[in-house]
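*Asks:* sequence-free structure coming up:
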């Protein structure tokens, strides 16, 4: 019961004319600011993530380009070998003691 | 000692009417007229909520302005068919929590009509008593009390708006209710019976 009284007291509002007047003015100002600021804000908001994403992609690409996969240890029997790195994959040529030539090609995931 | 005017709680909470989905969809697509229609539809409730959160008519006007500006900018994020008023109230409440940290907004001069004076002295007194009592609350206590006791939201709905557990909202509202009752009972003796 007392809670209801408290709610009634708390629910008091100014005159309807004042509410209507202030609410309308707030709306008009909000719309005026939207008209002035919206294009600038939207442009800024849309470009910041794009630039950040582009920089991140370039950074990741640079790191991947610099760090190449380690050379495989290869068979113990091999006495000599030559590794040839290419842009997209790793190619290794082996010449065994018996003269057999072995050619291994790895993709970027280091799969043979 | 003051005599309390009775103000029945308005139809609030999730049961309140929302703009039509067609209007909302048009506003999301960038229709300026639809956007303005939505603002006209919500402006009274946004301002009254802002007044209860800011406890000052001029500050409430600034708060309502900022909140409506955000509603315009973020209308594209509103999912048509979801709880419209919950979305609006969350923006207003968040703005009320943020506005003290932000600089006062730049307001374009529009040359509108002045605010009419309040002609009802009893109502004016009661409003002043309530605003003074509400100013003593923390912003979280005030938000919980306003949403549950005045706007008619359940603690669950209020928890969604305030992004906290229902029991947290209930606790904050109870603390706020006790503080406000203590303050208001000086002017409204009928509130003393359960103290």
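*Replies:* Arrived safely, thanks for sending. Since this is a predicted model, take the numbers as computed values, not measurements. Numbering: from 1, shown residues only, chains lettered A, B, ... in the order given.

*Asks:* Which secondary structure elements does the lengthiest helix in chain B sit against?
*Replies:* In chain B, taking DSSP state H as the definition, the longest helix is helix B:32-54. Counting contacts by 3 or more Cβ pairs under 8 Å, 6 or more residues apart in numbering or on different chains; DSSP states H and E, helix B:32-54 packs against helix A:16-66, helix B:21-28, helix B:57-74, helix B:84-98, helix B:139-145. The way it works is simple: take the backbone N, C-alpha and C, and place the C-beta from them, glycine included.

*Asks:* Tell me which residues of that helix come out buried.
*Replies:* B:34-39, B:41-54 (16 or more other Cβ atoms under 10 Å in any protein chain shown).

*Asks:* again, but for stretch A:12-27
*Replies:* For stretch A:12-27, the neighbour count (16+ other Cβ under 10 Å) marks A:12-15, A:18-27 as buried.

*Asks:* got the residues of chain A near chain B?
*Replies:* A:2-3, A:5-15, A:17-34, A:36, A:38, A:41 (Cβ under 8 Å from any Cβ of the partner chain).

*Asks:* and the closest residue to residue B:135 other than its chain neighbours, backbone torsions?
*Replies:* Leaving aside its chain neighbours, residue B:135 sits nearest to residue B:55 (4.8 Å; criterion: Cβ to Cβ, 6 or more residues apart in numbering or on different chains). Main-chain dihedrals, residue B:55, degrees, to the nearest 10: phi 60, psi 30.

*Asks:* and residue B:55, what does it touch?
*Replies:* B:131, B:134, B:135, B:142 (Cβ atoms under 8 Å, 6 or more residues apart in numbering or on different chains).

*Asks:* do the helix or strand where residue B:183 lies and chain A meet?
*Replies:* Using DSSP states H and E, residue B:183 sits within helix B:166-184. Yes. Judged by Cβ under 8 Å from any Cβ, helix B:166-184 and chain A are in contact via B:177, B:180, B:181, B:184.

*Asks:* And stretch B:79-90, by the same measure?
*Replies:* No. Stretch B:79-90 lies out of reach of chain A by Cβ under 8 Å from any Cβ, never closer than 13.1 Å.

*Asks:* one step back: ok now the helix holding residue B:183, how far from the chain's centre?
*Replies:* For helix B:166-184, the gap between its own C-alpha mean and the chain's C-alpha mean amounts to 17 Å (Cα atoms, centre = their mean, to the nearest Å).

*Asks:* Show me what it is packed against.
*Replies:* helix A:2-10, helix B:121-135, helix B:139-145, helix B:155-162.

*Asks:* quick one: residue B:85 and residue B:18 touch, right?
*Replies:* Yes. With contacts counted by Cβ atoms under 8 Å, residue B:85 reaches residue B:18, the gap being 6.3 Å.

*Asks:* domains of the chain?
*Replies:* Using chain A here. A:2-66, A:71-112 (automatic domain parsing).

*Asks:* meant chain B, my bad for not saying
*Replies:* B:16-111, B:119-195.
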